[in-house]
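> sequence and predicted structure, then a few things I'm wondering about:
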Amino acid sequence: MNTESSVESLRRHEIAGRVEIVYGRGGLPLVKITTPWSTAEIYLHGAHVTHFQKNGEPPLIFLSAKSYFADGKGIRGGVPICFPWFGNRAGEPSHGFARITAWQLVKTSTAPDGTVTVQFALPQISGREAWKNLRTEFIVTVADTLTMELIATNDGCDEPLAIENCLHTYFHVGDIGAVSLTGLRDAPFNDFAAGDSGTRNVEHDAVLRVAKETNRVYPDNAATVEIHDENLQRKIRVEKFNSHSTVVWNPWTTQKLPDDFDPAEHQHMVCVESGNVKQNKISLAPGKASALKVILSSAPLK
(Lines give C-alpha, C1' and ligand atoms only; values in the text may rest on other atoms or scores of the structure.)
Protein backbone atom coordinates (compact mmCIF):
# COMPACT_ATOMS: atom_id res chain seq x y z
CA MET A 1 0.00 0.00 0.00
CA ASN A 2 1.28 3.46 -0.90
CA THR A 3 0.61 5.23 2.39
CA GLU A 4 1.66 8.64 1.09
CA SER A 5 -0.84 8.75 -1.77
CA SER A 6 -3.58 7.19 0.36
CA VAL A 7 -3.12 9.71 3.18
CA GLU A 8 -3.12 12.60 0.74
CA SER A 9 -6.35 11.41 -0.85
CA LEU A 10 -7.95 10.78 2.53
CA ARG A 11 -7.49 14.38 3.59
CA ARG A 12 -10.67 15.29 1.75
CA HIS A 13 -12.42 13.75 4.77
CA GLU A 14 -10.80 16.16 7.23
CA ILE A 15 -13.00 18.53 9.24
CA ALA A 16 -11.29 21.61 10.64
CA GLY A 17 -10.86 21.37 14.40
CA ARG A 18 -12.53 17.94 14.51
CA VAL A 19 -10.94 15.39 12.14
CA GLU A 20 -7.31 15.26 11.02
CA ILE A 21 -5.71 12.52 8.90
CA VAL A 22 -1.99 11.95 9.38
CA TYR A 23 0.73 9.34 9.17
CA GLY A 24 0.60 7.23 12.30
CA ARG A 25 3.05 4.72 13.67
CA GLY A 26 4.63 2.52 11.02
CA GLY A 27 3.55 5.05 8.39
CA LEU A 28 -0.03 3.80 8.57
CA PRO A 29 -2.93 6.20 7.91
CA LEU A 30 -4.43 7.50 11.15
CA VAL A 31 -7.65 9.41 11.82
CA LYS A 32 -7.31 11.80 14.77
CA ILE A 33 -10.54 13.10 16.31
CA THR A 34 -11.14 15.99 18.68
CA THR A 35 -14.50 16.79 20.29
CA PRO A 36 -15.47 19.21 23.09
CA TRP A 37 -15.31 16.28 25.52
CA SER A 38 -12.65 13.90 24.26
CA THR A 39 -10.00 12.77 21.78
CA ALA A 40 -9.78 9.54 19.79
CA GLU A 41 -7.52 7.86 17.24
CA ILE A 42 -8.45 5.24 14.65
CA TYR A 43 -6.08 3.49 12.24
CA LEU A 44 -7.40 2.41 8.85
CA HIS A 45 -5.35 -0.75 9.45
CA GLY A 46 -8.04 -2.93 10.97
CA ALA A 47 -10.35 0.11 11.40
CA HIS A 48 -8.64 -0.08 14.77
CA VAL A 49 -9.55 2.34 17.57
CA THR A 50 -6.28 2.78 19.47
CA HIS A 51 -7.15 5.75 21.69
CA PHE A 52 -10.12 7.30 23.46
CA GLN A 53 -9.68 9.76 26.30
CA LYS A 54 -12.11 12.12 27.96
CA ASN A 55 -10.80 15.56 28.88
CA GLY A 56 -9.28 15.52 32.37
CA GLU A 57 -9.24 11.70 32.61
CA PRO A 58 -6.62 9.03 31.96
CA PRO A 59 -7.03 7.13 28.65
CA LEU A 60 -9.96 4.73 28.61
CA ILE A 61 -8.23 2.42 26.13
CA PHE A 62 -5.01 0.45 26.74
CA LEU A 63 -2.39 0.15 24.00
CA SER A 64 0.72 -1.98 24.40
CA ALA A 65 3.95 -0.03 24.23
CA LYS A 66 5.40 -2.90 22.17
CA SER A 67 2.57 -3.21 19.65
CA TYR A 68 3.36 -3.80 16.01
CA PHE A 69 2.15 -1.25 13.47
CA ALA A 70 2.75 -3.11 10.23
CA ASP A 71 0.89 -4.68 7.32
CA GLY A 72 -0.16 -8.24 8.07
CA LYS A 73 0.08 -7.85 11.85
CA GLY A 74 -2.62 -6.99 14.35
CA ILE A 75 -2.32 -4.03 16.70
CA ARG A 76 -1.95 -5.09 20.35
CA GLY A 77 -4.45 -3.16 22.44
CA GLY A 78 -7.17 -0.70 21.53
CA VAL A 79 -10.24 -2.32 19.98
CA PRO A 80 -9.34 -5.12 17.55
CA ILE A 81 -12.27 -6.13 15.33
CA CYS A 82 -12.42 -9.92 15.49
CA PHE A 83 -14.30 -10.84 12.32
CA PRO A 84 -15.58 -12.87 10.52
CA TRP A 85 -14.38 -15.49 12.97
CA PHE A 86 -13.12 -15.51 16.55
CA GLY A 87 -10.09 -17.38 17.84
CA ASN A 88 -7.77 -19.62 15.87
CA ARG A 89 -8.47 -21.22 12.51
CA ALA A 90 -5.99 -23.52 10.79
CA GLY A 91 -3.94 -21.71 8.17
CA GLU A 92 -5.77 -18.42 8.78
CA PRO A 93 -5.13 -15.25 10.80
CA SER A 94 -6.13 -15.48 14.44
CA HIS A 95 -9.45 -13.71 15.07
CA GLY A 96 -10.14 -13.24 11.36
CA PHE A 97 -8.77 -11.09 8.56
CA ALA A 98 -10.65 -7.85 9.34
CA ARG A 99 -8.15 -6.73 11.99
CA ILE A 100 -5.16 -6.98 9.61
CA THR A 101 -6.85 -5.43 6.57
CA ALA A 102 -6.71 -1.76 5.56
CA TRP A 103 -10.32 -0.57 5.68
CA GLN A 104 -11.72 2.18 3.47
CA LEU A 105 -12.62 5.51 5.03
CA VAL A 106 -16.08 6.25 3.65
CA LYS A 107 -17.32 9.32 5.46
CA THR A 108 -16.71 11.72 8.35
CA SER A 109 -19.28 14.07 9.83
CA THR A 110 -19.79 16.32 12.82
CA ALA A 111 -22.97 17.31 14.62
CA PRO A 112 -23.71 20.86 15.78
CA ASP A 113 -22.67 19.96 19.34
CA GLY A 114 -19.24 18.71 18.17
CA THR A 115 -19.92 14.96 18.15
CA VAL A 116 -17.88 13.26 15.39
CA THR A 117 -18.92 10.17 13.42
CA VAL A 118 -16.53 8.20 11.21
CA GLN A 119 -17.63 5.43 8.85
CA PHE A 120 -15.40 2.66 7.45
CA ALA A 121 -15.99 -0.20 4.99
CA LEU A 122 -14.16 -3.52 4.75
CA PRO A 123 -12.98 -3.93 1.13
CA GLN A 124 -13.32 -7.08 -0.91
CA ILE A 125 -10.11 -9.09 -0.58
CA SER A 126 -8.56 -11.16 -3.33
CA GLY A 127 -8.65 -14.86 -2.49
CA ARG A 128 -11.56 -14.49 -0.07
CA GLU A 129 -14.24 -15.84 -2.40
CA ALA A 130 -16.11 -17.47 0.48
CA TRP A 131 -16.80 -13.98 1.83
CA LYS A 132 -17.53 -12.17 -1.46
CA ASN A 133 -21.17 -11.59 -0.48
CA LEU A 134 -20.32 -10.18 2.94
CA ARG A 135 -20.60 -6.38 3.14
CA THR A 136 -19.18 -4.91 6.34
CA GLU A 137 -19.28 -1.41 7.82
CA PHE A 138 -17.83 0.00 11.03
CA ILE A 139 -19.21 3.24 12.44
CA VAL A 140 -17.48 5.05 15.31
CA THR A 141 -19.12 7.97 17.11
CA VAL A 142 -16.97 10.05 19.45
CA ALA A 143 -18.43 12.37 22.10
CA ASP A 144 -18.31 12.09 25.90
CA THR A 145 -18.89 8.40 25.12
CA LEU A 146 -17.36 6.09 22.52
CA THR A 147 -19.91 4.24 20.40
CA MET A 148 -18.86 1.51 17.95
CA GLU A 149 -21.17 -0.33 15.58
CA LEU A 150 -20.11 -3.24 13.36
CA ILE A 151 -22.69 -3.97 10.67
CA ALA A 152 -22.48 -7.10 8.51
CA THR A 153 -24.83 -7.74 5.58
CA ASN A 154 -25.19 -10.88 3.47
CA ASP A 155 -25.66 -9.55 -0.07
CA GLY A 156 -25.89 -13.05 -1.51
CA CYS A 157 -29.06 -14.68 -2.82
CA ASP A 158 -28.60 -18.33 -1.89
CA GLU A 159 -26.63 -19.35 1.18
CA PRO A 160 -26.47 -18.11 4.77
CA LEU A 161 -23.08 -17.00 6.08
CA ALA A 162 -21.79 -18.26 9.42
CA ILE A 163 -19.97 -15.41 11.14
CA GLU A 164 -18.55 -14.51 14.53
CA ASN A 165 -17.96 -10.92 15.61
CA CYS A 166 -16.28 -9.38 18.61
CA LEU A 167 -15.06 -5.92 19.63
CA HIS A 168 -12.04 -7.07 21.64
CA THR A 169 -11.71 -3.95 23.80
CA TYR A 170 -8.60 -3.45 25.95
CA PHE A 171 -9.32 -1.12 28.88
CA HIS A 172 -6.67 0.92 30.67
CA VAL A 173 -6.70 0.46 34.47
CA GLY A 174 -4.46 1.88 37.19
CA ASP A 175 -3.65 -1.46 38.83
CA ILE A 176 -5.39 -4.76 38.03
CA GLY A 177 -5.20 -5.65 41.73
CA ALA A 178 -7.54 -2.76 42.51
CA VAL A 179 -10.11 -3.56 39.81
CA SER A 180 -13.45 -5.32 40.14
CA LEU A 181 -16.02 -6.18 37.48
CA THR A 182 -19.76 -6.22 38.06
CA GLY A 183 -22.67 -7.47 35.96
CA LEU A 184 -21.64 -11.11 35.61
CA ARG A 185 -22.93 -12.58 38.87
CA ASP A 186 -24.58 -16.02 38.45
CA ALA A 187 -23.58 -16.06 34.79
CA PRO A 188 -22.25 -19.38 33.41
CA PHE A 189 -18.88 -19.16 31.64
CA ASN A 190 -16.33 -21.35 29.93
CA ASP A 191 -12.90 -21.02 31.52
CA PHE A 192 -10.35 -21.31 28.71
CA ALA A 193 -7.46 -20.45 31.03
CA ALA A 194 -8.09 -23.88 32.55
CA GLY A 195 -7.76 -25.68 29.20
CA ASP A 196 -8.46 -25.47 25.48
CA SER A 197 -11.90 -27.02 25.86
CA GLY A 198 -13.14 -24.41 28.31
CA THR A 199 -14.30 -25.79 31.65
CA ARG A 200 -17.88 -24.70 32.44
CA ASN A 201 -18.30 -22.75 35.68
CA VAL A 202 -20.66 -20.20 37.21
CA GLU A 203 -19.64 -16.87 38.74
CA HIS A 204 -21.44 -16.59 42.09
CA ASP A 205 -19.55 -13.64 43.57
CA ALA A 206 -21.07 -10.18 43.29
CA VAL A 207 -17.82 -8.92 41.78
CA LEU A 208 -15.12 -10.51 39.64
CA ARG A 209 -11.52 -9.74 40.56
CA VAL A 210 -8.68 -10.67 38.21
CA ALA A 211 -5.82 -12.19 40.22
CA LYS A 212 -4.37 -14.64 37.69
CA GLU A 213 -4.48 -15.53 34.01
CA THR A 214 -8.12 -15.08 33.01
CA ASN A 215 -9.81 -16.16 29.78
CA ARG A 216 -13.55 -16.48 30.25
CA VAL A 217 -16.26 -16.67 27.61
CA TYR A 218 -19.75 -15.96 28.94
CA PRO A 219 -22.22 -17.36 26.38
CA ASP A 220 -25.85 -16.26 26.08
CA ASN A 221 -24.98 -13.10 27.99
CA ALA A 222 -26.24 -9.65 27.02
CA ALA A 223 -25.53 -7.95 30.35
CA THR A 224 -23.88 -4.57 30.81
CA VAL A 225 -20.52 -4.88 32.58
CA GLU A 226 -18.91 -2.22 34.75
CA ILE A 227 -15.20 -1.96 35.54
CA HIS A 228 -14.59 -0.40 38.97
CA ASP A 229 -11.07 1.01 39.21
CA GLU A 230 -10.13 2.00 42.76
CA ASN A 231 -6.70 3.25 41.71
CA LEU A 232 -7.99 5.70 39.09
CA GLN A 233 -11.25 6.30 40.99
CA ARG A 234 -13.18 5.62 37.81
CA LYS A 235 -16.06 3.41 36.72
CA ILE A 236 -16.18 2.27 33.08
CA ARG A 237 -19.52 1.07 31.70
CA VAL A 238 -19.64 -1.41 28.79
CA GLU A 239 -23.14 -1.36 27.36
CA LYS A 240 -23.86 -3.59 24.37
CA PHE A 241 -26.60 -4.38 21.89
CA ASN A 242 -27.07 -7.48 19.70
CA SER A 243 -24.24 -9.14 21.60
CA HIS A 244 -24.83 -12.51 23.21
CA SER A 245 -21.26 -13.27 24.28
CA THR A 246 -18.98 -11.52 26.76
CA VAL A 247 -15.27 -12.32 27.07
CA VAL A 248 -13.07 -11.30 30.01
CA TRP A 249 -9.34 -11.66 29.39
CA ASN A 250 -6.04 -10.82 31.05
CA PRO A 251 -2.95 -12.88 30.08
CA TRP A 252 -1.21 -12.21 33.42
CA THR A 253 2.43 -13.31 33.18
CA THR A 254 1.64 -16.93 32.40
CA GLN A 255 0.01 -16.89 28.97
CA LYS A 256 2.50 -17.07 26.14
CA LEU A 257 2.08 -14.11 23.81
CA PRO A 258 4.12 -12.66 20.92
CA ASP A 259 6.73 -10.05 21.75
CA ASP A 260 4.25 -7.24 21.06
CA PHE A 261 3.20 -7.40 24.73
CA ASP A 262 5.38 -6.96 27.81
CA PRO A 263 4.09 -9.34 30.53
CA ALA A 264 4.38 -6.49 33.06
CA GLU A 265 1.70 -4.63 31.09
CA HIS A 266 -0.92 -7.04 32.42
CA GLN A 267 -1.11 -4.81 35.51
CA HIS A 268 -2.61 -1.96 33.55
CA MET A 269 -5.20 -3.65 31.32
CA VAL A 270 -8.25 -5.83 31.25
CA CYS A 271 -10.26 -6.89 28.23
CA VAL A 272 -14.05 -6.91 28.35
CA GLU A 273 -15.08 -8.04 24.88
CA SER A 274 -18.55 -7.85 23.33
CA GLY A 275 -19.76 -9.98 20.47
CA ASN A 276 -21.23 -13.24 19.25
CA VAL A 277 -18.72 -16.09 19.39
CA LYS A 278 -18.56 -19.87 19.64
CA GLN A 279 -22.08 -21.18 20.42
CA ASN A 280 -23.48 -17.69 19.77
CA LYS A 281 -22.12 -17.45 16.22
CA ILE A 282 -24.53 -15.89 13.74
CA SER A 283 -26.15 -17.53 10.72
CA LEU A 284 -26.68 -14.52 8.48
CA ALA A 285 -29.42 -15.26 5.96
CA PRO A 286 -29.29 -13.84 2.41
CA GLY A 287 -30.39 -10.22 2.36
CA LYS A 288 -30.15 -9.88 6.14
CA ALA A 289 -27.90 -7.71 8.30
CA SER A 290 -26.53 -7.98 11.83
CA ALA A 291 -25.43 -4.94 13.83
CA LEU A 292 -23.22 -5.29 16.90
CA LYS A 293 -23.16 -2.08 18.95
CA VAL A 294 -21.13 -1.13 22.02
CA ILE A 295 -21.26 2.10 24.02
CA LEU A 296 -18.37 2.89 26.38
CA SER A 297 -18.73 5.52 29.08
CA SER A 298 -17.02 6.49 32.30
CA ALA A 299 -17.85 8.30 35.52
CA PRO A 300 -16.16 9.00 38.86
CA LEU A 301 -16.13 6.06 41.26
CA LYS A 302 -18.29 7.00 44.25
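Ah, there it is.
> identify the residues contacting stretch 60-72?
1, 24-26, 28, 43, 45, 49-54, 74-79, 100, 102, 146, 169-173, 236, 259-262, 265, 268-269, 296, 298 (C-beta atoms under 8 Å, 6 or more residues apart in numbering). C-beta: built from backbone N, CA, C; applies to glycine.
> any stretches of the stretch 1-150 of the chain with poor pLDDT?
Applying pLDDT under 70 to the stretch 1-150 of the chain flags the ranges 1-5.
> which residues in this structure form helices?
3-10 (DSSP state H).
> could I get the full set of strands for the stretch 151-300 of the chain?
Assigned by DSSP state E, counting those that start in this stretch, the strands in the stretch 151-300 of the chain fall at 161-163, 165-167, 170-172, 179-182, 187-191, 199-203, 214-219, 225-229, 234-241, 245-250, 269-276, 282-284, 289-300.
> got the buried residues for the last one?
Spelled out, that is strand 289-300. Ser290, Leu292, Lys293, Val294, Ile295, Leu296, Ser297, Ser298 (16 or more other C-beta atoms under 10 Å).
> hang on, the earlier thing: among the strands of the stretch 151-300 of the chain, which is the most enclosed?
Mean neighbour count, computed with mean count of other C-beta atoms under 10 Å, is highest for strand 165-167 among the strands of the stretch 151-300 of the chain, reaching a mean of 27.
> before we move on, the earlier item: can I get the buried residues of strand 289-300 in CSV including pLDDT and distance to Gly87?
Below are the buried residues of strand 289-300 laid out as CSV (pLDDT from 0 to 100; distance: C-beta to C-beta, whole Å):
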residue, pLDDT, distance to Gly87
Ser290, 98, 19
Leu292, 98, 17
Lys293, 98, 22
Val294, 98, 19
Ile295, 98, 25
Leu296, 98, 23
Ser297, 98, 28
Ser298, 98, 29
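> in space, what's closest to Val202 - neighbours in sequence excluded?
Residue nearest to Val202 in three dimensions, not counting chain neighbours: Pro188, with 5.1 Å by C-beta to C-beta, 6 or more residues apart in numbering.
> what does Asp220 give?
Excluding its sequence neighbours, the residue lying closest to Asp220 (C-beta to C-beta, 6+ apart) is His244, at 5.8 Å.
> ok, the one you found - contacts?
Contact analysis of His244 by C-beta under 8 Å, 6+ apart lists Pro219, Asp220, Asn221, Ala222, Asn276, Asn280.
> between those residues, which sits nearest Glu230?
Minimum distance to Glu230 across these is 24.9 Å, recorded for Asn221 (C-beta to C-beta).
> list the contacts of the spatially most central residue of the chain.
In the chain, the residue lying closest to the centroid (C-alpha atoms, centre = their mean) is Val79, at 2.7 Å. Under the criterion of C-beta under 8 Å, 6+ apart, the contact list for Val79 reads His48, Val49, Thr50, Ile61, Met148, Leu167, His168, Thr169, Tyr170.
> quickly list what it is bridged to.
Listed beta-bridge partners, Val79: Val49 (assigned using DSSP bridges).
> excluding chain neighbours, what is closest to His45?
Leu28 (4.8 Å).
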